[in-house]
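Student: Sequence below, structure please.
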Amino acid sequence: MEETVDLDGKKYTGIRFELGNVPLLILKVKSGYVACSYIDKATAEKLGDIACFVSGVKSYDDMYKAKVKCATQWAEDLGIREGMSVKKALELIDAYQEKP
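Tutor: Model prediction:
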């Protein structure tokens, strides 16, 4: 289910799908996303996605407070690193402007 998520006064597109014991969660901004570890980094890498990943989360609030577990090369090129806060990662992804 796609929904608008308000975290610290910022609006994000949230995608939540109930699977197994925990939901699949994604927080989307204009140029990329943060996803739970249900999403495969290798596939995101092959597709050229600006993405980073977290684990052990059950809600958008959990995601927002989590630390980045890993990121695609394109996300790393924006300065996103393992251990960075998801809040900072979302700021970096959201600030990215594709070159024409």
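
Student: Can you name the residues in contact with the longest helix along the chain?
Tutor: When the chain is parsed with DSSP state H, its longest helix is helix 86-95. With contact meaning Cβ atoms under 8 Å, 6 or more residues apart in numbering, helix 86-95 is reached by 7-8, 10, 12, 27, 29-34, 50, 52, 54, 63-68, 71, 75, 78-80. C-beta coordinates here come from the backbone N, C-alpha and C atoms, glycine included.

Student: Please apply the same query to stretch 74-85.
Tutor: Applying Cβ under 8 Å, 6+ apart, the contact partners of stretch 74-85 are 32, 48-52, 65-71, 89, 92-93, 96.

Student: Looking at those residues, which are in strands?
Tutor: If you go by DSSP state E, the contacts of stretch 74-85 have 32, 51-52, 70-71 in strands.

Student: Which pair of those residues spans the longest distance?
Tutor: Maximum pairwise distance in the ones in strands among the contacts of stretch 74-85, criterion Cβ to Cβ, is 13.8 Å, between 32 and 70.

Student: any common contacting residues for those two?
Tutor: residue 52.

Student: Tell me which of the two has more neighbours.
Tutor: residue 32 (25 against 18; other Cβ atoms under 10 Å).

Student: May I have the beta-bridge partners of the more buried one?
Tutor: Beta-bridge pairing for residue 32 (DSSP bridges): residue 29.

Student: what are the ranges of the helices in the chain?
Tutor: With DSSP H as the criterion, the chain has helices at 41-47, 60-65, 73-77, 86-95.

Student: could I get those helices as CSV with mean pLDDT and mean neighbour count?
Tutor: Below are these laid out as CSV (pLDDT from 0 to 100; neighbours: other Cβ atoms under 10 Å):
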stretch, mean pLDDT, mean neighbour count
helix 41-47, 96, 14
helix 60-65, 96, 18
helix 73-77, 96, 17
helix 86-95, 94, 19
